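>>> no sequence on this one, just coordinates:
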DNA sequence: TTATTTATTTACCAATCGGTACATATATTA
DNA sequence: TAATATATGTACCGATTGGTAAATAAATAA
């Protein structure tokens, strides 16, 4: 991509910016863009909607974030490291069963949080345009797969610890959890309540694999 | 809607059509449109894509089917009475458990059928545009709810027949089945295989409610 | 044949899409 | 002060969106 060798800077204090300063806070702007993409999906969210939501004119958005696709990538990074950071926390639970339960219950709260759009942005945004479409769609599919893979890894660890029986197919179990997550996201966007989602989680976990 | 009293026709043989005949078969055209909407979603499918897929010029499409929204409604009706007719068949199974199992297993075959787009068109098409958007979105949400309601009815019948325990919340059970269905649709559009979907169904049904 | 009815073709419409050229405003540096 | 660098606002770009006017083609009815 870039052959230029980066010179190691002596970690000086950040130089004062030259030129006219930004009239908006970049992180706040990303949060506003996040809500638009989250509620509308990637393709359905238009630059006009975004400029209005951010309160910034288009050229400023393009200057600060690149184009729509790059803006979405930055928003996506903010989404995964911000609102969705609880996923990594859930992985730390001592048993696989507790990991799954904590994850799904936090998902319920997350999906039914009234201060944010309902459902999962990644599930929401990926559905538009279906099969082999844009680069963003492909990336979102890849993201969902890596999400599934991290559950698989956690469950394999659980198996090695004797926490899950040896006969359990951890990939299938991970895919099952992901399916419940995605299904609940659809439910949430259609207006399912917190109580309804909790009941789904209860049913989904009733049969957690035990014994041989 | 319409105050005109329809005169009872003596059921004559259909009069010969006047004017130039249609150069295409309407049902075949709807099937082609179905595949486009199914693969791409409602909003992402453009009229240009549709004209190309149908092999018909735009004015002919508008003359035959109204506008894009009406075309989608006709396609939707064809979808529910055609490819998705197996749902009603599954309802006829003797027990609630068999209804759920047959439904989900048929969904697996349906989603992984290589001759059609993956996943469920209604789940796929509804996700774009999220919350309180177009009339089509609202209709699709309503459709999904009616779908859930028909499972609820079937499960209530099962309860009255002693086939399901009295303590079962049939609405929650119906919502659970719908969630699995929707989650698997997302999985199918991301490339899940038939075997993977089957494993999900197995896990989802392992804990079917029995006893008190 | 001629009139009437309906379908198809071509060529277009205004609105919106993502994206940008350019002049102007506001900051630091010299 | 002037020079330089960056951000903003206005006003626009070509492409595409859903949708249509109008001329022509192909059928039946008289």
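Sure thing, it's come through. Not measured: the values here are computed from a predicted model.
>>> all helices in chain A, in order from the N-terminus.
A:26-40, A:47-54, A:58-65, A:68-81, A:86-90, A:96-111, A:121-127, A:135-160, A:170-189, A:194-205 (DSSP state H).
>>> is any part of the longest one close to chain B?
Meaning helix A:135-160. Yes - applying CB under 8 Å from any CB of the partner chain, one finds helix A:135-160 touching chain B at A:141, A:144, A:145. Any C-beta I mention is one placed from the backbone N, CA and C, and that applies to glycine too.
>>> residues in contact with the residue sitting nearest the centre point of chain A?
Most central in chain A under CA atoms, centre = their mean is residue A:80, positioned 4.3 Å from the mean C-alpha point. Applying CB atoms under 8 Å, 6 or more residues apart in numbering or on different chains, we find residue A:80 in contact with residue A:143.
>>> switch the cut-off to 10 Å
Under the criterion of CB atoms under 10 Å, 6 or more residues apart in numbering or on different chains, the contact partners of residue A:80 comprise A:87, A:88, A:121, A:122, A:143, A:147.
>>> Against which helices or strands is the worst-scoring helix or strand of chain A on mean pLDDT packed?
One helix or strand of chain A scores below all others by mean pLDDT, DSSP states H and E: helix A:121-127, with a mean of 81. Where contact means 3 or more CB pairs under 10 Å, 6 or more residues apart in numbering or on different chains; DSSP states H and E, helix A:121-127 is packed against helix A:26-40, helix A:68-81, helix A:135-160, helix A:170-189, helix B:121-127, helix B:170-189.
>>> ok, back up a step: would you format the helices of chain A as TSV with distance to DNA strand C included?
What follows is the helices of chain A, written out as TSV (distance: least, CB to the nearest atom of the strand, whole Å):
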stretch	distance to DNA strand C
helix A:26-40	10
helix A:47-54	4
helix A:58-65	4
helix A:68-81	3
helix A:86-90	29
helix A:96-111	26
helix A:121-127	13
helix A:135-160	11
helix A:170-189	20
helix A:194-205	31
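>>> If I average pLDDT within each of the ones you listed, which one is lowest?
Among the helices of chain A, helix A:121-127 carries the lowest mean pLDDT, a mean of 81.
>>> mind checking how far that helix is from the chain centre?
Offset of helix A:121-127 from its chain centre (CA atoms, centre = their mean, to the nearest Å): 9 Å.
>>> repeat for stretch A:159-169
On CA atoms, centre = their mean, the centre of stretch A:159-169 falls 28 Å from that of its chain.
>>> same thing with stretch A:89-104?
17 Å.
>>> Now that stretch: buried residues?
The neighbour-count check on stretch A:89-104 (16 or more other CB atoms under 10 Å in any protein chain shown) flags A:90, A:96, A:97, A:99, A:100, A:101, A:102, A:103, A:104 as buried.
>>> can you list the domains in chain A?
Taking automatic domain parsing as the criterion, chain A consists of the domains A:26-81, A:86-205.
>>> Could you dump these into CSV and include distance to DNA strand D?
Formatted as CSV, these follow (distance: least, CB to the nearest atom of the strand, whole Å):
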stretch, distance to DNA strand D
domain A:26-81, 3
domain A:86-205, 11
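>>> Redo these as a markdown table? Include distance to residue B:68.
Shown next, in a markdown table, are these (distance: least, CB to CB, whole Å):
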| stretch | distance to residue B:68 |
| --- | --- |
| domain A:26-81 | 15 |
| domain A:86-205 | 16 |
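>>> so which of those domains comes closest to residue B:167?
Residue B:167 lies closest to domain A:86-205 among the domains of chain A, at 13.1 Å (CB to CB).
>>> just to revisit the earlier point, who wins on neighbours among the residues of helix A:135-160 next to chain B?
Ranked by neighbour count (other CB atoms under 10 Å in any protein chain shown), the residues of helix A:135-160 next to chain B have residue A:144 at the top, with 20 neighbours.
>>> Report the contact partners of the closest residue to residue A:172 other than its chain neighbours.
Of all residues not flanking residue A:172 in the chain, residue B:199 sits nearest, at 4.3 Å (CB to CB, 6 or more residues apart in numbering or on different chains). Contacts for residue B:199 were tallied using CB under 10 Å, 6+ apart; they are A:169, A:171, A:172, A:173, A:175, A:176, B:108, B:192, B:193.
>>> so the second one touches residue A:152, yeah?
Yes - under the criterion of CB atoms under 10 Å, residue A:171 makes contact with residue A:152 at 5.2 Å.
>>> So between those two, which is more surrounded?
Counted by other CB under 10 Å, residue A:171 and residue A:152 do not tie: residue A:152 has more neighbours, with 19 against 16.
>>> and that one, what is it in contact with?
Per CB under 10 Å, 6+ apart, neighbours of residue A:152: A:169, A:170, A:171, A:172, A:173, A:174, A:175, A:177, A:178.
>>> returning to what we had before: as JSON lines, the contacts of residue A:80 with neighbour count and distance to residue A:29 would be great.
Shown next, in JSON lines, are the contacts of residue A:80 (neighbours: other CB atoms under 10 Å in any protein chain shown; distance: CB to CB, whole Å):
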{"residue": "A:87", "neighbour count": "17", "distance to residue A:29": "25"}
{"residue": "A:88", "neighbour count": "11", "distance to residue A:29": "25"}
{"residue": "A:121", "neighbour count": "26", "distance to residue A:29": "17"}
{"residue": "A:122", "neighbour count": "22", "distance to residue A:29": "21"}
{"residue": "A:143", "neighbour count": "14", "distance to residue A:29": "23"}
{"residue": "A:147", "neighbour count": "18", "distance to residue A:29": "26"}
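>>> Would you agree residue A:184 is in contact with residue A:193?
No - judged on CB under 10 Å, residue A:184 makes no contact with residue A:193 at a distance of 11.6 Å.
>>> which residues are common contacts for the two?
A:108, A:112.
>>> the more surrounded of those two?
For residue A:184 versus residue A:193, neighbours defined as other CB under 10 Å are more numerous around residue A:184 (29 against 12).
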